[in-house]
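> what follows is a protein structure lacking sequence information:
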């Protein structure tokens, strides 16, 4: 099971480099990056084993790996993780793409139990774990991420940033 820090890191990668969409039949979340990030992709594959790692690809002058989340893993594992961490305050554009994907493909109970896709500022669906520790805020970064980054900054050698 992934730690909160690992979940937050994956969320950040998906916000910065990922794509929330689908192929017309099923939703998918895709992360594609250059081969130089192979170690990171291998970590994702080990830490979130429900996704699939593809590559390396060499196409059109580009060299890359691609990680994809679909099916049961996307609905049962990645969706609740993103509901916990991806907020409009963190990144409005990515949150909007995530929400559009959820609405289009009925993720989050939109077709199963009459619920709806995540709304801006909404709590996770009934029965989903609340990923944020009590006392955290909904500012630009969840307080738990602030603590993670503060810990990382504290681990840097003096003068490094």
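Arrived safely. Model, not experiment: these values are computed from the prediction.

> show me where pLDDT drops low in this protein?
Per-residue confidence for the chain (pLDDT under 70) gives these ranges: 109-161.

> so where do the helices sit in it?
Taking DSSP state H to define them, one finds helices in the chain at 4-17, 38-47, 71-73, 79-85, 92-105, 143-155.

> next, the buried residues of the first one.
Along helix 4-17, these residues count as buried under the neighbour rule (16 or more other C-beta atoms under 10 Å): 4, 7, 8, 9, 10, 11, 12, 13, 14, 15. (Glycine included, C-beta is placed from N, CA and C.)

> and the gap between residue 64 and residue 74?
Going from residue 64 to residue 74 by C-beta to C-beta, to the nearest Å gives 21 Å.

> compare the two and say which is more crowded by neighbours.
With neighbours defined as other C-beta atoms under 10 Å, residue 64 and residue 74 compare such that residue 74 has more, 22 against 18.

> contacting residues for the more buried one?
Applying C-beta atoms under 8 Å, 6 or more residues apart in numbering, we find residue 74 in contact with 27, 28, 29, 107.

> if we use 7 Å, what do you get?
Neighbouring residues of residue 74 by C-beta atoms under 7 Å, 6 or more residues apart in numbering: 27, 28, 29.

> that older thread, of all the helices of the chain, which lies closest to residue 55?
Smallest distance to residue 55 across the helices of the chain (C-beta to C-beta): 7.9 Å, for helix 38-47.
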